[in-house]
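Enquirer: here is my input, please return the structure:
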Amino acid sequence: MLLFLLLGAAAAGSTWFAQRLQLREEATEKAEAGEVDYFSIHIRRVSFGEDGQPKNQIVAPILTHYAGDDHTELKDPVLTVYSKEGPPWVITGEHGTLLKEGDVKLDGPVLIERETDRDGRSVRVVTSNVSVYPQRNYAETADHVEVVSEPDYLRGDGAQVHFGEVLQVTILSNVFRKHDVQ
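Expert: Sure, this is the predicted structure:
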């Protein structure tokens with residue numbers, strides 16, 4: 001008799017859980033584009049390469065996911081792209097959108113920095129509205145860009161930046177470069 005009661009309670013609990021799960025699925029399907037279905041605070045996501053080493057990391061104080069159009073927003077995101085041969089690239093923005101492929105679109109002011117490498121050079125890039133593709137070590141913007149890597153200074157409008165082991169910056173228009181020989 002006790003076994004019968006336990007099995008009956010388990011079945012009732014399973015039915016209740018299945019109904020709750022179904023209600024959540026229906027609610028998610030009906031969500032509008034601006035409706036938040038989940039959020040997280042103090043997130044940290046690390047992506048690893050095939051060699052088991054970290055490739056990139058995203059840290060943000062607030063992550064908000066919207067069900068209707070399935071997009072994820074980040075507040076004050078910091079994206080770190082690791083390099084095998086030198087210090088990592090650190091990309092900071094005020095607001096970001098995390099895309100499904102792991103790419104990040106940063107809106108507003110953006111700062112890209114790399115500490116001093118083995119050649120004794122650091123890099124600082126100031127711009128805005130940047131699309132970052134961490135899997136390709138690549139970023140681009142159509143906005144004004146300033147690149148400082150003493151003794152070099154470079155500015156212009158629009159840029160394509162390849163982070164790889166060697167920095168490659170292509171300024172698209174209104175280019176100005178200053179190089180001081182030391």
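Enquirer: all strands of the protein, in order?
Expert: Taking DSSP state E to define them, one finds strands in the chain at 36-48, 54-66, 71-75, 78-81, 89-98, 104-114, 123-133, 138-149, 152-162, 168-179.
Enquirer: what strands line up against the last one, and which way round?
Expert: Going back to what we said before, that points to strand 168-179. Paired with strand 168-179 in the same sheet, following DSSP bridges, are strand 152-162 (antiparallel).
Enquirer: before we move on, what about the fourth one?
Expert: Each strand that pairs with strand 78-81, with its direction, by DSSP bridges: strand 54-66 (antiparallel), strand 89-98 (antiparallel).
Enquirer: tell me the most buried of those strands?
Expert: Comparing those by mean neighbour count (mean count of other C-beta atoms under 10 Å), strand 89-98 ranks first with a mean of 20. In this view, the C-beta of every residue, glycine as well, is placed from N, C-alpha and C.
Enquirer: mean confidence score for that strand?
Expert: Mean pLDDT, strand 89-98: 94.
Enquirer: with only the CA atoms kept, save it in PDB.
Expert: Only the C-alpha atoms of strand 89-98 are listed here, as PDB (Å, rounded to 0.1, in the frame of the first residue of the first chain):
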ATOM      1  CA  TRP A  89      44.000  42.600 -26.400                       C
ATOM      2  CA  VAL A  90      41.400  44.200 -24.000                       C
ATOM      3  CA  ILE A  91      38.400  45.800 -25.700                       C
ATOM      4  CA  THR A  92      36.100  47.900 -23.500                       C
ATOM      5  CA  GLY A  93      32.700  49.400 -24.400                       C
ATOM      6  CA  GLU A  94      29.700  51.000 -22.700                       C
ATOM      7  CA  HIS A  95      27.100  48.700 -24.300                       C
ATOM      8  CA  GLY A  96      27.300  45.600 -26.400                       C
ATOM      9  CA  THR A  97      25.200  43.000 -28.200                       C
ATOM     10  CA  LEU A  98      26.400  39.400 -28.100                       C
END
